[in-house]
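Visitor: Provided below are the primary sequence and the corresponding predicted coordinates.
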Amino acid sequence: MFAPKSSIDDVLIAVAQQEVPVNRTVNLGPVQVVVKHGDVARWNETQVTDTLGRLFKAGGQDPALALGLTDRQLRLWLVYAANMVLGNPGAGFDVKKALAWLVANVGKVRPVMPSPSGREFELMVLGRTGWLRAALRASAQRLTQGERDRVVALYGPPPSGAQGGQGAPLKGEVLKELLPKLYAHMADHVRQWMRPAEVPAAYQRLGDFKAIAELAQFTAWEMLQPYAAANENSPFFTGFDYFDNVFDKTATMPSDEDIVKHLMNRAHLLGEDDSAGQSIFAAAAYDATRQEDRVFLWDLLSKWIIEDKPRRAAVFFCRHIGSNSHGQPGGGVGLVTEFKTDRPQSEHRWELVEVIVHEMVHTLLHPDIKLKSGKVTRPLVILEGFVEVVTREVFNWMIDHGDEGTTARLMIGVSGDLVKPKRKVALGYAQNGVHADEIFKILGRERFLTAFMTGDTDLLGLPA
């Protein structure tokens, strides 16, 4: 004997019931959040209305304004969010400020609703209100004095004006020894695109990078949680679309300012190199924290690129290296579209995938951390080394969790045999990457990502 088929209403109710939020503990890595969504789900309309009036008052607005909030989903969203925030007080968290934000922004943010098992709602609400930042910082074990001493040493010698700093004036003539090294560095880079005159250049379509950019952004949001949500002003919360900021670097002629900015980055990389003995920066007493030293180096490079040979090399170099000036006037993420000629196209594409991740991670570095780079003598440890640490996290995750379909998306427009990707182990930017990696090992993943995303400069041992 067969049981009668369920009616359409029964089916709809059964499916909808599966999405009803419940009381549970949400795991957000180092912190746990107790939510009573199931209690709120059982409230009647009168309870919701009364609660909204109290929330508007607590948020610094006229309770009568709550009556103007008539959309059922938005009303519930605000009640769910406020109930969760009030039920999870924490050290360093301003509840009143959080309620004011929720009331002021209801309807202005994407109203992700709580679910029985997901955590998107919790990440969004607790991230935007500042709860997650405060909770992660409070849960992170502070550096011991021994850890702090080891970390501080990795940011370079003390600045000239600090205790232990050498205080010697800049030796400009010695610093000029950097120029031939810089030219050789650019020449090595240019060789990757050398080809016979009769062989046409091969280019990638900028549009093919869209799938890579979207996957990189999605991967970073998914695998860097809860840290990626811990900055209430994170690009993930402000309508950030990575590909919208991408432009064709190879097709763009750099300005003199663009060229010098690129060369300043490489000058620091080469100037700090002590693999063959004393570095040029040490010999010249160059101090990156002294404005007059930075100005001297900028002017030195500006005059150098007027010369024909350095300028030719510098222009090609700038058009064939990724960059991120997102957030600056007229800025964006510049990507190289010309295929390298000294390796298979697929190998170059995997390198480009890593570059795309790296340039995106620049956008995620908290501005408070970036600001401190001006107070250490090895600023690239922060500006590039830290970015390399997080790039490795995201890039390796993309490789480890990819499948044939993912590879097909990433290799669109690529000709020839497919080369398997290599996991990123060593970090780029020479000693800066080595020092950043050592800091990562001292802190551990939890503390490093907490500091990187929330701007906890003390946790990174950075100067006040």
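Guide: Cool, the structure landed.

Visitor: can you give me phi and psi for residue 429?
Guide: Backbone torsions for residue 429, taken as degrees, to the nearest 10, come to phi 70, psi 40.

Visitor: dump the residue contacts of the residue lying closest to it once chain neighbours are set aside.
Guide: Once flanking residues are discounted, residue 429 sits nearest to residue 384: 4.4 Å by C-beta to C-beta, 6 or more residues apart in numbering. Glycine gets a C-beta too; all of them are placed from N, C-alpha and C. By C-beta atoms under 8 Å, 6 or more residues apart in numbering, the contact set of residue 384 is 265, 428-429, 432-433, 436.

Visitor: cool, residue 56 as well?
Guide: Contacts of residue 56 by C-beta under 8 Å, 6+ apart are 62-63, 65-66, 103.

Visitor: hmm, try it at 6 Å
Guide: 63, 65-66, 103 (C-beta atoms under 6 Å, 6 or more residues apart in numbering).

Visitor: what's the following helix or strand after the helix or strand hosting it?
Guide: Secondary structure from DSSP states H and E places residue 56 in helix 45-58. Under the assignment DSSP H and E, the closest C-terminal helix or strand after helix 45-58 is helix 72-86.

Visitor: List phi and psi for residue 203.
Guide: phi -120, psi 150.

Visitor: Any idea what it is bridged to?
Guide: residue 338 (DSSP bridges).

Visitor: what's the burial count for it?
Guide: 14 (other C-beta atoms under 10 Å).

Visitor: so it touches residue 340, yeah?
Guide: No - between residue 203 and residue 340 there is no contact under C-beta atoms under 6 Å: 11.6 Å.

Visitor: Dump stretch 365-385 to CSV, keeping only the CA atoms.
Guide: The C-alpha trace of stretch 365-385 is given here as CSV (Å, rounded to 0.1, in the frame of the first residue of the first chain):
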residue,chain,number,x,y,z
LEU,A,365,46.4,44.9,3.8
HIS,A,366,45.0,47.1,6.6
PRO,A,367,46.0,50.8,6.1
ASP,A,368,47.2,51.0,9.7
ILE,A,369,49.8,48.3,8.9
LYS,A,370,50.8,50.0,5.7
LEU,A,371,51.3,53.3,7.4
LYS,A,372,53.9,51.8,9.8
SER,A,373,56.1,50.9,6.8
GLY,A,374,57.4,54.5,7.0
LYS,A,375,58.8,53.9,10.5
VAL,A,376,61.0,50.9,9.7
THR,A,377,64.2,50.8,7.7
ARG,A,378,63.1,47.8,5.7
PRO,A,379,59.6,49.0,4.6
LEU,A,380,59.3,46.2,1.9
VAL,A,381,59.1,43.6,4.7
ILE,A,382,55.6,45.1,5.3
LEU,A,383,54.6,46.4,1.9
GLU,A,384,55.6,43.3,-0.1
GLY,A,385,56.7,40.6,2.3
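
Visitor: So for it, mean pLDDT?
Guide: Averaged across stretch 365-385, pLDDT comes to 95.

Visitor: just stretch 173-191 next, same as before
Guide: On average, stretch 173-191 scores 96.

Visitor: Give the buried residues for that stretch.
Guide: By 16 or more other C-beta atoms under 10 Å, the buried positions in stretch 173-191 come out as 175, 178-179, 181-183, 185-186.

Visitor: In ChimeraX, how would I select the buried members of the contacts of residue 56?
Guide: Filtering the contacts of residue 56 down to the buried ones (16+ other C-beta under 10 Å) takes a single ChimeraX command:
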select :66,103
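
Visitor: The contacts of residue 56 into CSV, with extra columns for pLDDT and distance to residue 87?
Guide: Output for the contacts of residue 56, formatted as CSV (pLDDT from 0 to 100; distance: C-beta to C-beta, whole Å):
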residue, pLDDT, distance to residue 87
63, 90, 21
65, 90, 24
66, 90, 20
103, 93, 17
